[in-house]
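Peer 1: can you look at this prediction? I've put the sequence above it.
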Amino acid sequence: MLRNSLLARGRNVLPDCAAEPNHSEEDSDNDSSSTEVDALRAAWAAGYVTPGFWSPALREAEQRARAKDASFSPEDIASAALLAARILAHLKAAKRQEPSALAAPAAALLSSACDLALHRVSELGPRELGVLVTALAKAGVDDGRLFAALSHQTQQLTARGAEFNHLDLCQLLAALAHFGYRDEMLLQGLTSKVELAFSTYSAKSRDIVLSSLSELDFACAEHPLLSEALKEHELTRGRTTERTQEHMLATEIYPIDARVDQN
């Protein structure tokens, strides 16, 4: 079976990557694909680029995605898309004179994973949505139909009170900014969740959120913590927006260092 051969490839190449520590031997057969995709992702992250391994592995994964293999979980769909996007981004950055043998199978895997994501979009949770939009941005794939479907699913989940962690939110906002996708209701839902824990975010996460919101020119009037942080972010970077113009006007009218008593 393709599943077994793919898993064997992962184990032969990187034994430690083929085992998923959160799964036990008693887990269902549907979990095996997660192990395979994770093994491939780990192998790529570890720098395993031996010729003869990746092309067949990517083709097998693509065949399963194209066949809408029932054992492909939502996590597998997202992971496969991200793996393909990373490979394509790597090849683009390498600027090779001759096309790589990995280009075609990686592009095919990304395409099939995206098709499968569209087919099963209602099954995708916050983590998968964040990973998928990151894959689209990394690969520069401007698929309006898929992105709209992913955005709609995100909006549905935020409305239902689904739990998004800070990484999910950063990935989603960064992708929205990358593609210039400005949906008021979606952004309101995401920023409402960001506001709740923004004070606990790392400096990098805060910068991703604020840069994305600034790029989208999204006002956070209903979220005082975010609104103030965004204004400070834009002033620090010299970005001219309605928020910074209002601040500068107020500063001109009421100079910060003005002395009330001149006598």
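Peer 2: Noted; the coordinates are in hand.
Peer 1: just give me the neighbour total for E98.
Peer 2: E98 has 5 neighbours, counted by other Cβ atoms under 10 Å. The way it works is simple: take the backbone N, C-alpha and C, and place the C-beta from them, glycine included.
Peer 1: checking it next. Helix, strand or coil?
Peer 2: Of the three states, E98 takes coil under DSSP: H, G, I helix; E, B strand; the rest coil.
Peer 1: quick one, helices of the stretch 151-263 of the chain?
Peer 2: 166-179, 184-197, 203-215, 224-236, 242-253 (DSSP state H, counting those that start in this stretch).
Peer 1: pick the most buried one from those.
Peer 2: Greatest average neighbour count among the helices of the stretch 151-263 of the chain goes to helix 166-179 (a mean of 22), per mean count of other Cβ atoms under 10 Å.
Peer 1: show me what it is packed against.
Peer 2: Applying 3 or more Cβ pairs under 8 Å, 6 or more residues apart in numbering; DSSP states H and E, one finds that helix 166-179 contacts helix 126-139, helix 144-159, helix 184-197, helix 203-215.
Peer 1: for the host helix or strand of A108, packing partners?
Peer 2: Using DSSP states H and E, the element containing A108 is helix 103-119. Identification of packing neighbours for helix 103-119 by 3+ Cβ pairs under 8 Å, 6+ apart yields helix 54-66, helix 74-94, helix 126-139, helix 144-159.
Peer 1: restricting to C-alpha, output stretch 181-198 in PDB.
Peer 2: The C-alpha trace of stretch 181-198 is given here as PDB (Å, rounded to 0.1, in the frame of the first residue of the first chain):
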ATOM      1  CA  TYR A 181      -7.800  40.200   2.200                       C
ATOM      2  CA  ARG A 182      -9.700  42.700   4.400                       C
ATOM      3  CA  ASP A 183     -12.900  41.200   5.800                       C
ATOM      4  CA  GLU A 184     -14.400  43.300   8.600                       C
ATOM      5  CA  MET A 185     -16.300  40.600  10.300                       C
ATOM      6  CA  LEU A 186     -13.500  38.100  10.100                       C
ATOM      7  CA  LEU A 187     -11.000  40.600  11.400                       C
ATOM      8  CA  GLN A 188     -13.300  41.600  14.300                       C
ATOM      9  CA  GLY A 189     -13.600  38.000  15.300                       C
ATOM     10  CA  LEU A 190      -9.800  37.400  15.200                       C
ATOM     11  CA  THR A 191      -8.900  40.600  17.000                       C
ATOM     12  CA  SER A 192     -11.500  39.900  19.700                       C
ATOM     13  CA  LYS A 193      -9.500  36.800  20.500                       C
ATOM     14  CA  VAL A 194      -6.200  38.500  20.200                       C
ATOM     15  CA  GLU A 195      -7.200  41.200  22.700                       C
ATOM     16  CA  LEU A 196      -8.000  38.600  25.400                       C
ATOM     17  CA  ALA A 197      -4.400  37.500  25.700                       C
ATOM     18  CA  PHE A 198      -2.300  40.100  23.800                       C
END
